[in-house]
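Asks: Sequence and predicted structure below; questions after.
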Number of protein chains: 2
Amino acid sequence: MLVEGVHFLPDVDPGALGHKALAVNLSDLAACGAKPCCFFLALGLPRVDEAWLAAFSDGLLQLADRHRCALAGGDTTRSPAGVTIAITALGKVARDRVVARSGAREGDDLWVSGALGDAALGLAVRRGEIALPEGQAQAAIQRLERPEPRVVLGRSLAGIVSAMIDVSDGLLGDLGHLAAASRVSAVVEWDAVPRSAAVRTLADAAQQRLALTGGDDYELAFAAPPQSAPAVTAAAAAAAVTVTRIGRVGPGDQVRIVDRHGEAMDIPGRPFDHFRA
Amino acid sequence: MLVEGVHFLPDVDPGALGHKALAVNLSDLAACGAKPCCFFLALGLPRVDEAWLAAFSDGLLQLADRHRCALAGGDTTRSPAGVTIAITALGKVARDRVVARSGAREGDDLWVSGALGDAALGLAVRRGEIALPEGQAQAAIQRLERPEPRVVLGRSLAGIVSAMIDVSDGLLGDLGHLAAASRVSAVVEWDAVPRSAAVRTLADAAQQRLALTGGDDYELAFAAPPQSAPAVTAAAAAAAVTVTRIGRVGPGDQVRIVDRHGEAMDIPGRPFDHFRA
């Protein structure tokens, strides 16, 4: 559920909002290894604004069409305090290929797709907190506003990985969910965490904040036995997405970030919590 | 999507709200002849209120359990302006038994389940606009706050009826949807419209307003060929729900209310519209 004033501002580009509202759901399906089938849209609007609705629908349906995910039903109603969007997306995955958060085992490698921190960088650019060359600024904002759910990658990894989650609230928070569900710990080597050239221009503390706790990247983080590494990289190549080994699964129940010497690092920030933000 | 201040007031009984939020979805499934399977809940809350949430969940899950409809997923988020609820319920029905709004044919009988107007009467009682003896007042409020979706009846009628819709916005409005989808007219005999003893204590104009445009009754209105009448009444008996023949399907594209002499009646009020209310 996306709520105006909480998840987006009143002046958001309606096309980007439509795209993102569905993208976050497709990202969840990707993390299960599922192929999107259809979705249902509940839309609360403060007033009828046809231009806004046309742009919103355009962003939403273009992404839906690309993934052959049909709008199967829903509801429209009045929501005086602002736009509210609730999408339920359904996908299919063979029973023996369903990927859960709970399957990670001690000794597994930890991986992540793409690069982390760009969406949070885009937000900082939007807010005027960070200035970047125009090309990098636009790329970061694109990552924030038009995330590409890793649907093909997720399907390719089903049957190979032991646990998977999409990185929506920040790597630390989401690996925390995976570790808790699997009753294991996650040890992440900071140097291995993939970051774009734009993120790497920043100071270390800012890089860590953006890449580890920034959220909204919609990459996939997953665990796989070391012997599956060739299959993982082949699946990633087939999906035309980079994947990076960032650490390993251990005993215990925490998420730890370590430096190149294996020493624990103290990372600022904490996972995002809508009720405390 | 149910929005605080639009569909319910802040002081609504949370158990009744939980019940009704799911009931309106199960009612839609019933109108398709479907058996409920599972549902997804997106819940926006202005704050964490555990007592409220416990009561809401209780009302929601008791109804879900009775229909063996599992909560399969969802989302909880912050919604500063008030509680917002979006439920997507999924059901199953054999392909050749799916009931649509669009199948009504000239010459069909029109039927409705139960009695109409009690939910609107309950609202008038709640607002202090109408006073009733305690027993009747409580029964009307129960119809408003804890509607029983006609799931068993809807499934029993699948394969028999030609078109069906649930009466959520008032009989006139919902028969209008059915008539428009079927490209036919609906002619309703006012005297035949089933009303409770409590509704019948009111003046004619008030009875008409409540029973024809009141909304929130969640009965089923349906069309069936005259020769199917015995099958309709048998299905209703099997579901332990009364059904009443209230009119017939004709040519054209309107909904008309006629008196005992077949003369058109002028009915006050119009179908509910969230954006004009």
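Replies: Yep, that arrived. Numbers count the residues shown, from 1 in each chain, chains lettered A, B, ... in the order given.

Asks: Nearest to the spatial middle of chain A, which residue is it?
Replies: Centroid-nearest residue in chain A, with Cα atoms, centre = their mean: A:Tyr218, separated by 1.6 Å.

Asks: can you pull the pLDDT of it?
Replies: A:Tyr218 is assigned a pLDDT of 97 by the prediction.

Asks: mind listing what it touches?
Replies: Counting by Cβ atoms under 8 Å, 6 or more residues apart in numbering or on different chains, A:Tyr218 touches A:23-24, A:27, A:119, A:147-150, A:166-168. Using the backbone N, CA and C atoms, a C-beta is placed for each residue, glycine as well.

Asks: likewise A:Arg146?
Replies: So A:Arg146 contacts A:16, A:19-20, A:23 (Cβ under 8 Å, 6+ apart).

Asks: got a winner among those for most neighbours?
Replies: A:Lys20 (27 neighbours; other Cβ atoms under 10 Å in any protein chain shown).

Asks: how about the one helix or strand it maps to against chain B, any contact?
Replies: Assigned by DSSP states H and E, A:Lys20 belongs to helix A:14-31. No: between helix A:14-31 and chain B, judged by Cβ under 8 Å from any Cβ of the partner chain, nothing touches; the nearest distance is 8.9 Å.

Asks: other SSEs contacting the helix or strand following that helix?
Replies: For helix A:14-31, the following helix or strand on the C-terminal side (DSSP H and E) is strand A:35-45. On a contact count with 3 or more Cβ pairs under 8 Å, 6 or more residues apart in numbering or on different chains; DSSP states H and E, strand A:35-45 meets helix A:14-31, helix A:50-66, strand A:70-78, strand A:84-92, helix A:151-157, strand B:84-92.

Asks: Distance from the chain centre to the helix or strand following the last one, please.
Replies: Next in sequence after strand B:84-92, counting helices and strands by DSSP H and E, comes strand B:109-113. Put simply, strand B:109-113 sits 13 Å off its chain's centre (Cα atoms, centre = their mean, to the nearest Å).

Asks: Can you point out the buried residues in whichever helix or strand comes after strand B:109-113?
Replies: Heading C-terminal from strand B:109-113, the first helix or strand you meet, by DSSP H and E, is helix B:118-126. Residues of helix B:118-126 classed as buried by neighbour count (16 or more other Cβ atoms under 10 Å in any protein chain shown): B:118-125.

Asks: Need the residues that contact the following helix or strand past helix B:118-126.
Replies: Of the helices and strands lying after helix B:118-126 in sequence (DSSP H and E), the nearest is helix B:134-145. Identification of contacts with helix B:134-145 by Cβ under 8 Å, 6+ apart yields B:13, B:16, B:19-20, B:118-123, B:125-126, B:131-132, B:196-198, B:201, B:216-217.

Asks: again, only using 6 Å
Replies: In this structure, residues lying in contact with helix B:134-145 by Cβ atoms under 6 Å, 6 or more residues apart in numbering or on different chains are B:16, B:118-119, B:121-123, B:125, B:198.

Asks: which one of these is nearest A:Val98?
Replies: B:Ala16 (36.4 Å; Cβ to Cβ).

Asks: What does the pLDDT read for the closest residue to that closest one other than its chain neighbours?
Replies: Leaving out its chain neighbours, the residue that sits closest to B:Ala16 by Cβ to Cβ, 6 or more residues apart in numbering or on different chains is B:Glu145, at 3.9 Å. Per-residue confidence (pLDDT) for B:Glu145: 92.

Asks: Please apply the same query to A:Asp253.
Replies: Reported pLDDT for A:Asp253: 86.

Asks: Can you tell me how far it is from A:Asp259?
Replies: Distance, A:Asp253 to A:Asp259, by Cβ to Cβ, to the nearest Å: 22 Å.

Asks: Could you pull out the strands in the stretch 151-277 of chain A for me?
Replies: A:163-167, A:185-189, A:219-224, A:243-250, A:255-258 (DSSP state E, counting those that start in this stretch).

Asks: Neighbouring strands of the first one in the sheet, and parallel or not?
Replies: Looking at strand A:163-167 with DSSP bridges, its paired strands and their directions are strand A:219-224 (antiparallel).

Asks: Those residues of chain A touching chain B, which are they?
Replies: With Cβ under 6 Å from any Cβ of the partner chain as the criterion, chain A comes near chain B at residues A:1, A:3, A:6, A:40, A:42, A:44, A:48, A:75, A:77-79, A:81, A:84, A:86, A:88, A:274-275.

Asks: and with 7 Å instead?
Replies: A:1, A:3, A:5-6, A:40, A:42, A:44, A:48, A:75, A:77-82, A:84, A:86, A:88, A:274-275 (Cβ under 7 Å from any Cβ of the partner chain).

Asks: hang on, the earlier thing: right, so of the strands of the stretch 151-277 of chain A, which gets closest to B:Trp52?
Replies: Using Cβ to Cβ, the strands of the stretch 151-277 of chain A put strand A:163-167 closest to B:Trp52, at 29.8 Å.

Asks: how much does the closest one deviate in direction from helix A:14-31?
Replies: 170 degrees (axes from the mean of the first three to the mean of the last three Cα atoms, to 10 degrees).

Asks: Determine the number of other residues adjacent to A:Asp96.
Replies: 7.
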